[in-house]
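Participant: Show me the folded form of this:
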Amino acid sequence: MMFPSKVPRVFILAGFVLIFLVVGTNYYLFDDEPRYAPATNWSGHVGDDLSQTKTPEDVVVGADVGGVEDPGYLGHSTEPAVAEPIPAEPEAKPEAEPELPINPVPVPDLAPEPEPASTPMPTPTAAPKALDVTPEIAKLPAQPEFGDDNPHPLLPPGECPELEFLERAHSAHNFSSKVRYKQVCIEPSFSADVDRDAVANISERIFGGEVTVNLGDCSSAQLPRCVPIKLQVPQPYRPSNISHFIFGISTDYERLQSEIDTFAHWLSKPGGSGAKLVALVTDYAEQKNGSIHELQQRFVAAGINADIVPPLNELHTVSQSHFSVLTYMYNRSTPATQWYGLLDDDTFFPRGLQPLSDALATLDHKKDVYVGALSEDLQAIRVFGFMAFGGAGAYFSAPLAEKLAKEARTCMEESGDVPGDIIIRDCVYRHSKVKLTILPGLFQQDLRDDVSGFFESGVQPINLHHWKSWYKEPVVEMAAAASYCGDCFLQRFRFGGDTVFTNGYSINRYRYGHKYLDLQTMEGTWSNANKDFDFSIGPVRRKMVPDEKKSYKLADVDFSDVGDFKQLYVWKGNANANEMDGIIEVIWQRYG
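Facilitator: Down below sits the predicted model:
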């Protein structure tokens, strides 16, 4: 009889237990209240090790890669949230344990690279990958936020005159149909006291805040207002007269007519005008009637004082024709001529002729003087000897030029079939007592393929050479910077913690920042870089691997109607991977 009476009690007890488990489970699974008191500025993830505090070096900056951002990598503290302490039963007078404050970890200097496609996030212990910069990271004190209450609002969609230069350049350079784009405005502060060799540290960042622009239809583009960054640069060159120079080259008709704009840069601007050019055309006799005269008029229209002449002897070799130009130069000189320069046809003076004139002014043009530069490659000197290498130019004072011109026939007979530079050297040494004077700033540029290390080294070259054969660079566009601010050409600036801007050449973003980058040495980027270059342009440091830096190279320039000077720096994406090109438009604002 007692067993039946106990059954209901067991079921009643089991029912209470079941109800308790169901209610408790639902409370813990679906209740929105956190189980711990929230800590300020913490963004964490399920699975984070809450017992390990991460240091600033462990934090990886996040990215806007077109997907969901990982807030644990946005520069906030990754320390665990601290629970509100529950004190035990006090034995004596307990002191209340305060809530521990959590301070956000500072954002590292390196802001990863913008990429249009999603990129997997690395673990905190892995080297950071190049990623897009999020708007949150870009909102630094020096970079205003672009909100409704911002004094620099977005431009209205459908009105994009600011993209006119970009669209024109697109037709010439064939950018991707959509590009990642940003404008960087610079307000120049001109000064005669600028230390041109110093690399200024600029707190503002170049990267961050890029927008996607459809070059086929800009109606949807919304560009933030461009907030100027102040940079101190040298003063522009003043107009000057360089009529005390006469130059000579030997080339063929096609090469001469294709480079009129190149000659115009240094023979009519920016560093002065008045110098004379004598151009010997080796295939002069093969040209149609009137073509030489037409070419002459094109030089005149470009503001170039040039004489186009035939070879002295149709049987002369190319090397002999190169040397024989000196005879024409002497016959066309004036009493005001102080210096004669024999050049290769691809010798280029990016800053005009004023720097060359200033350098030669330290020498006495009334005495016999033979001036030039050696090759940067010690092996070339071993082969060809100690002489003025032609790409840097061979320069003679007026008295020495007169002696050489009068001995030209003899010198060509004595030298035989050797390069023109050797004919010049042997003629100087055999018919005068003068020896070679090496002029700093002149370069033969015996560097092949990727010459970015040379241009990004802070060098102030008087001349460039081999720019359309051993390597390919848009030297006229590069040198346009000299027309705007003189010696600011190739001047360098550090931006933020990861970017170096070389004016007129590149904007480089370094994956691990520029803090440990030795900018006093030259990166050995060219294909034949080795210890043979240390004596001339060294010390040379190792070439960086591709993922250590991302380079935006100068592609085009423009002087606007309102006087602004614009430069387009372009990173070419991988078209096969559907990567968009990255473009930074640097706008140097009008001065004066």
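
Participant: Do a quick rundown of the helices in the stretch 101-250 of the chain.
Facilitator: Secondary structure of the stretch 101-250 of the chain (DSSP state H, counting those that start in this stretch): helices at 135-138, 164-173.

Participant: Tell me which other helices or strands the last one touches.
Facilitator: Contact partners of helix 164-173 among helices and strands, from 3 or more CB pairs under 8 Å, 6 or more residues apart in numbering; DSSP states H and E: strand 549-559, strand 565-571, strand 581-588. Yep, even glycine has a C-beta here, placed from its N, CA and C like the rest.

Participant: do that again at 10 Å, thanks
Facilitator: In this structure, helix 164-173 makes packing contacts with strand 178-190, strand 211-214, strand 549-559, strand 565-571, strand 581-588, judged by 3 or more CB pairs under 10 Å, 6 or more residues apart in numbering; DSSP states H and E.

Participant: right, so of the ones you listed, which gets closest to Gln257?
Facilitator: Put simply, out of the helices and strands packed on helix 164-173 the one that sits nearest Gln257 is strand 549-559, at 22.7 Å, with distance taken as CB to CB.

Participant: Just the C-alphas of the closest one, formatted as CSV.
Facilitator: The C-alpha coordinates for strand 549-559 follow below in CSV (Å, rounded to 0.1, in the frame of the first residue of the first chain):
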residue,chain,number,x,y,z
LYS,A,549,56.7,48.0,-50.5
LYS,A,550,54.0,49.1,-52.8
SER,A,551,55.0,51.7,-55.4
TYR,A,552,52.9,54.3,-57.1
LYS,A,553,54.9,55.6,-60.0
LEU,A,554,54.5,59.0,-61.7
ALA,A,555,52.5,58.5,-65.0
ASP,A,556,51.3,62.0,-66.0
VAL,A,557,51.4,65.7,-65.1
ASP,A,558,49.3,68.8,-65.9
PHE,A,559,49.5,72.5,-65.3
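
Participant: ok, back up a step: how about TSV for the helices and strands packed on helix 164-173, with mean neighbour count, mean pLDDT and distance to Ala482 added?
Facilitator: Below are the helices and strands packed on helix 164-173 laid out as TSV (neighbours: other CB atoms under 10 Å; pLDDT from 0 to 100; distance: least, CB to CB, whole Å):
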stretch	mean neighbour count	mean pLDDT	distance to Ala482
strand 178-190	19	96	14
strand 211-214	16	94	30
strand 549-559	20	97	11
strand 565-571	22	98	11
strand 581-588	24	98	12
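
Participant: Look up phi and psi at Tyr505.
Facilitator: For Tyr505, the backbone dihedrals are phi -140, psi -60 (criterion: degrees, to the nearest 10).

Participant: Now for it, how many residues are close by?
Facilitator: Using other CB atoms under 10 Å, the number of residues around Tyr505 comes to 25.

Participant: cool, and Leu519?
Facilitator: When neighbours are counted by other CB under 10 Å, Leu519 registers 15.

Participant: For it, list the residues it contacts.
Facilitator: Taking CB atoms under 10 Å, 6 or more residues apart in numbering, we find Leu519 in contact with 199, 456-458, 492, 494, 500, 541.

Participant: That one in helix, strand or coil?
Facilitator: Assigned by DSSP: H, G, I helix; E, B strand; the rest coil, the conformation of Leu519 is coil.

Participant: Relative to Gly458, how far out is it?
Facilitator: Leu519 is 7 Å from Gly458, where distance means CB to CB, to the nearest Å.

Participant: among the helices and strands of this protein, which has the poorest mean pLDDT?
Facilitator: Using mean pLDDT, DSSP states H and E, the weakest-scoring helix or strand in the chain turns out to be helix 135-138, at a mean of 32.

Participant: For the helix or strand containing Val300, name the packing helices and strands.
Facilitator: With secondary structure defined by DSSP states H and E, Val300 is part of helix 291-301. Under the contact criterion of 3+ CB pairs under 10 Å, 6+ apart, helix 291-301 touches helix 253-258, helix 260-268, strand 276-281, strand 305-309.

Participant: which one is Met412 nearest to, not counting chain neighbours?
Facilitator: Spatial nearest neighbour of Met412, chain neighbours left out: Gln320 (5.1 Å); criterion: CB to CB, 6 or more residues apart in numbering.

Participant: what pairs with the residue nearest the centre of the chain across the strands?
Facilitator: The central residue of the chain, meaning the one whose C-alpha is nearest the mean C-alpha position (CA atoms, centre = their mean), is Ser506 at 0.9 Å. Going by DSSP bridges, Ser506 is paired in beta bridges with Thr502, Lys553.

Participant: and stretch 490-507, how far out from the chain's middle?
Facilitator: The offset between the C-alpha centroid of stretch 490-507 and the centroid of the whole chain comes to 6 Å, using CA atoms, centre = their mean, to the nearest Å.
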